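Visitor: quick one: sequence and predicted model below, then my questions.
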Amino acid sequence: MSLDLIDPTLNQNPPCTMCRSDKLANTTEHASLGDQALEFFSRLLDTGDWPPRWHCGRWTDFHGWFYIVSDLMIAAAYFAIPFLLYKILVKRRDFPFPSLIWLFIAFIVLCGTTHLSDAILFWWPAYRFSGLLRFVTGAVSIFTVVILYRISPMILSLRTQEQLETEIEARKKAEQEMKHQQLIRESTEELMRKKDEFISIASHELRTPITSIKASLQIIQGAVAKNEVLEPFRPMVDKSATQVTKLTNLVNELLDVTRIQAGKLGLVKSTFVLYDLVKESVEGSLINNPNYTVLINGDKTLTAYADRNRIEQVLNNLLSNAIKYSPKNYQITVSFEKRSNGQTKVSVIDNGIGIEQSKVADIFDRFFRVEHTNKNYAGLGLGLYISAQIIKQHLGEIGVDTELESGSTFWFVL
Ligand code: ADP
């Protein structure tokens, strides 16, 4: 419906003479922009140049109040929203990007104020003040846009509720898994402790009867050697003696493990000729393995400063392994040399079954045995562990160069 059709009696506020449809020239409008600005701020609250809005244009009561109430509603909402935002900010100190929220609060409050001023203009035509208010609102709004634009990548990188829940769930699971692993570790440690305790008690208990059997067997061996009537028993007695020696070695290995675990593998160091030690060890290894040949390569005058018995134990172990794991090739070499850095390197080289590369890292661990040797060769998986611990106590190094089916070179450096 056009205004012309409205009952003129409804139009209580006829247009005033100050309102005009075209832009009239007056003195101020021709002044420079600077003068205009000066005049603007010096007369900021001066309402003399305009009539109240009611009197400018043709407002019906309905139209005017419709406009005013709408502006007041917007202003009320625009004041309430920042208030609520403020309350959230106060209660949730961890709220992300609080400075942006403060900017939003300022921006919304200013928007509300412009709407309020729009409503007030109906009675108080402070258009200059209203203009300033709009300018400040515009500036703050643009600033907010710039800041929001800058912060938006960070906002986008914030995890969503769903992502957080998934993460929390994953963390809970990881924690449970950790606790589970911890329990397993603790029970394994407890089992290992009990096993070590058992090994310690068992090996100590076994040592006395074995020593007694060994002594008795030596007496019987002597008696058999002197008495021809007993000659038929010699192989059995010798076999028993060999087995008892094996048993003694096993118990000694177990005792050594117990000592290592307790940190009581003491060393008694002295200077000795390496060749003598190697020769003794080689001869000892060949007693029960007459098919094998062991070549000794090295300077016969070379000496070493170490625990002779323990180094002999290491060499015995490496030699017995070289023999045990070379069922088809009977040639073994022991070589030793002084290196340019003053260290002494001893190597035991065999052409036996070799070791898979993936197992090499574990070979010096306690009770470790390569699976396929498990079935075919007797052993506890302790010899290399003890050897490594002895070399470690000497602050030396032990290692192996090996190839499956081709052979191994076990070496240690003192
Ligand atoms: P054991 O010989 O009693 O099993 P060790 O600790 O001496 O225990 O050796 C650990 C494992 O290393 C053996 O079970 C075997 O699989 C492997 N091994 C040791 N020496 C050799 C060797 N010379 N050649 C091939 N495999 C070897």
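Guide: That came in fine, so what should we check first?
Visitor: closest residue of this structure to the ligand?
Guide: Residue of the chain nearest the ligand, by CB to the nearest ligand atom: G379 (2.3 Å). C-betas here are computed from N, CA, C, even on glycine.
Visitor: wait, a helix at that residue?
Guide: No. Remark: G379 does not belong to a helix; assigned using DSSP: H, G, I helix; E, B strand; the rest coil, it is coil.
Visitor: count residues in the vicinity of the nearest residue to it once chain neighbours are set aside, would you?
Guide: Leaving aside its sequence neighbours, G379 sits nearest to R369 (CB to CB, 6 or more residues apart in numbering; 6.3 Å). R369: 17 surrounding residues under other CB atoms under 10 Å.
Visitor: surely R369 and A378 touch.
Guide: No. R369 is beyond contact range of A378, at 10.2 Å (criterion: CB atoms under 8 Å).
Visitor: next secondary structure after the one helix or strand S200 maps to?
Guide: For S200, the host element (DSSP states H and E) is helix 161-226. Once helix 161-226 ends, the next helix or strand along the chain (criterion: DSSP H and E) is helix 234-261.
Visitor: what comes up buried for that following helix?
Guide: The neighbour-count check on helix 234-261 (16 or more other CB atoms under 10 Å) flags 237, 240-241, 244, 248, 250-251, 253-258, 260-261 as buried.
Visitor: stretch 80-92 too?
Guide: I81, P82, L85.
Visitor: please work out which residues outside that stretch touch it.
Guide: Residues from elsewhere that reach stretch 80-92 (CB atoms under 8 Å, 6 or more residues apart in numbering): F95, P98, I101, W102, F104, I105, A106, I108, V109, G112.
Visitor: so what's the last one up against?
Guide: Listed by CB under 8 Å, 6+ apart, the contact set of G112 reads I74, A75, A76, A77, Y78, F79, P82.
Visitor: what is the burial count for the residue nearest to it when sequence neighbours are not counted?
Guide: Take G112 and drop its neighbours on the chain: the residue closest to it by CB to CB, 6+ apart is Y78, 2.8 Å away. Neighbours of Y78 under the rule other CB under 10 Å: 19.
Visitor: surely Y78 and H115 touch.
Guide: Yes. Counting by CB under 8 Å, Y78 does reach H115; the two are 6.6 Å apart.
Visitor: what residue lies at the spatial centre of the chain?
Guide: Residue closest to the average C-alpha location in the chain (CA atoms, centre = their mean): A174, at 12.2 Å.
Visitor: list the helices and strands the one helix or strand A37 maps to packs on?
Guide: A37 is part of helix 33-42 when elements are defined by DSSP H and E. Packing partners of helix 33-42 (3 or more CB pairs under 8 Å, 6 or more residues apart in numbering; DSSP states H and E): helix 27-30, helix 127-157.
Visitor: taking helix 127-157 as reference, get the angle to that helix.
Guide: Inter-element angle recorded for helix 33-42 and helix 127-157: 90 degrees (by axes from the mean of the first three to the mean of the last three CA atoms, to 10 degrees).
Visitor: ok now helix 33-42, how far from the chain's centre?
Guide: Between the centre of helix 33-42 and the centre of its chain there are 67 Å (CA atoms, centre = their mean, to the nearest Å).
Visitor: please save the CA atoms from that helix in CSV.
Guide: What follows is helix 33-42 as a C-alpha-only set of coordinates in CSV (Å, rounded to 0.1, in the frame of the first residue of the first chain):
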residue,chain,number,x,y,z
LEU,A,33,36.7,18.6,5.0
GLY,A,34,38.9,19.5,7.9
ASP,A,35,36.7,22.4,9.0
GLN,A,36,33.6,20.1,8.5
ALA,A,37,35.3,17.5,10.8
LEU,A,38,36.1,20.2,13.4
GLU,A,39,32.6,21.4,13.3
PHE,A,40,31.3,17.8,13.6
PHE,A,41,33.2,17.1,16.8
SER,A,42,32.7,20.5,18.4
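Visitor: now the element after it, going C-ward?
Guide: Beyond helix 33-42 toward the C-terminal end (DSSP H and E), the next one is helix 61-91.
Visitor: so for that next one, what's the average pLDDT?
Guide: For helix 61-91, the mean pLDDT works out to 95.
Visitor: the helix or strand just after that helix - what's its average pLDDT?
Guide: Once helix 61-91 ends, the next helix or strand along the chain (criterion: DSSP H and E) is helix 98-120. Averaging pLDDT along helix 98-120 yields 95.
Visitor: buried ones in helix 98-120?
Guide: Using 16+ other CB under 10 Å as the test for burial, helix 98-120 gives 100-101, 103-120.
Visitor: one more: stretch 263-283?
Guide: Applying 16+ other CB under 10 Å to stretch 263-283 flags L265, F272, L274, Y275, L277, V278, S281, V282 as buried.
Visitor: state the pair within these that is farthest apart.
Guide: Greatest spacing in these, by CB to CB: L265 and Y275 (25.7 Å).
Visitor: so which helix or strand of the protein has the lowest pLDDT on average?
Guide: Across the helices and strands of the chain, mean pLDDT, DSSP states H and E gives its lowest value to helix 27-30, namely a mean of 60.
Visitor: what parts of the chain come near the ligand?
Guide: Within reach of the ligand by CB under 6 Å from any ligand atom, the chain has these residues: 317, 321-322, 325, 350, 352-355, 363, 368-370, 373, 379-385, 408.
Visitor: and with 5 Å instead?
Guide: Contacts of the chain with the ligand, taken as CB under 5 Å from any ligand atom, map to 321-322, 325, 352, 355, 363, 369-370, 373, 379-381, 383-384, 408.
Visitor: nearest to I151, of those residues?
Guide: I363 (58.1 Å).
Visitor: just give me the neighbour total for the spatially closest residue to the closest one that is not a sequence neighbour.
Guide: Of all residues beyond its chain neighbours, the one nearest I363 is L384 (5.8 Å), with distances taken as CB to CB, 6+ apart. Residues near L384, counting by other CB under 10 Å, number 23.
Visitor: show me the contacts for L384.
Guide: By CB under 8 Å, 6+ apart, the contact set of L384 is N317, N321, I363, F364, F368.
Visitor: cool, thanks, signing off.
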